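Visitor: what shape does this take:
(chains A and B)
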Amino acid sequence: AQSVTQPDIHITVSEGASLELRCNYSYGATPYLFWYVQSPGQGLQLLLKYFSGDTLVQGIKGFEAEFKRSQSSFNLRKPSVHWSDAAEYFCAVGGLTGGGNKLTFGTGTQLKVEL
Amino acid sequence: DTEVTQTPKHLVMGMTNKKSLKCEQHMGHRAMYWYKQKAKKPPELMFVYSYEKLSINESVPSRFSPECPNSSLLNLHLHALQPEDSALYLCASTLTGGEANEKLFFGSGTQLSVL
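Guide: You can find the predicted model right below:
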């Protein structure tokens, strides 16, 4: 069964500092991996996704993620964090079941940005 | 139009009430999803409709009844809910539901409180 682990529940960074959010996955085949961001009381927005090709993926809002098969990881990075990046970040792994597309989310990492 | 619209944004209901949540998209997507999200937790899949047919039911109690009248509209009928059903209910859509790398477009959710 597919699963995702986000080891960090909370992370605090200063504005302008670099950011790395960790994600480890478990999946039998080539995984379809996603990072979503959620602001309080809102839906989720896709930041980026990986399913094949270049292992360094560029996303929106200056985010990038690197797929490392040997480490079963898909960590999210940003060189310089802005105060507006404060939100909940979810890593997810996608797969097709008998009924259709099923996305499994990690437990999330709450990002706080200090000014 | 790249929006998924959910109404109402907030709903308070008693345990004997019957209410419905509504979700609409006009992106031509043929797969629509209901997720339930408790506070500080990741979204959990409830139902998937693909081409207006229920394709995934994640063993959801019968007090939740989904309906997909057409490819643009998804409803969730609620009856005899319990206080533990209080959560943010998120609707999402994808192009077909048949590809694991499809991007989920989320609505901003209905915050439900059951008294």
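Visitor: so how many other residues sit close to residue B:25?
Guide: Residue B:25 has 22 neighbours, counted by other C-beta atoms under 10 Å in any protein chain shown. Every C-beta, even on glycine, is put in place using the N, C-alpha and C of the backbone.
Visitor: whoops, residue B:80 was the one
Guide: By other C-beta under 10 Å, neighbour count at residue B:80 equals 14.
Visitor: report pLDDT for it.
Guide: Looking at residue B:80, its pLDDT reads 94.
Visitor: hmm, stretch B:94-105 in reach of chain A?
Guide: Yes - with C-beta under 8 Å from any C-beta of the partner chain as the criterion, chain A is reached by stretch B:94-105 at B:94, B:97-104.
Visitor: now that stretch: average pLDDT?
Guide: 86.
Visitor: and the contacts of it?
Guide: A:32, A:36, A:44, A:46, A:49, A:51, A:94-96, A:100-101, A:103, B:2-4, B:25, B:27-31, B:33, B:48, B:50-51, B:55, B:92-93 (C-beta atoms under 8 Å, 6 or more residues apart in numbering or on different chains).
Visitor: over to stretch A:79-91?
Guide: A:4, A:6, A:13-19, A:21, A:23, A:25, A:33-40, A:44, A:47, A:61-62, A:74, A:76, A:78, A:105-106, A:108-113, A:115, B:42-43.
Visitor: which parts of chain A sit against chain B?
Guide: Near chain B, when you scan chain A using C-beta under 8 Å from any C-beta, you find A:32, A:36, A:41-46, A:49, A:51, A:90, A:94-97, A:99-103, A:105-108.
Visitor: report the contact partners of the closest residue to residue B:23 other than its chain neighbours.
Guide: In space, and not counting its chain neighbours, residue B:23 is closest to residue B:91: 3.4 Å by C-beta to C-beta, 6 or more residues apart in numbering or on different chains. By C-beta under 8 Å, 6+ apart, residue B:91 lies in contact with B:4, B:6, B:21, B:23, B:32-35, B:74, B:106-107, B:109.
Visitor: hang on, the earlier thing: columns distance to residue B:79, secondary structure and neighbour count on top of the residues of stretch B:94-105 next to chain A, output as TSV?
Guide: What follows is these, written out as TSV (distance: C-beta to C-beta, whole Å; DSSP: H, G, I helix; E, B strand; the rest coil; neighbours: other C-beta atoms under 10 Å in any protein chain shown):
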residue	distance to residue B:79	secondary structure	neighbour count
B:94	28	strand	24
B:97	27	coil	24
B:98	32	coil	15
B:99	34	coil	16
B:100	33	coil	20
B:101	36	coil	15
B:102	31	coil	23
B:103	33	coil	16
B:104	27	coil	25
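Visitor: so which residue is dead centre in chain B?
Guide: residue B:34 (2.8 Å; C-alpha atoms, centre = their mean).
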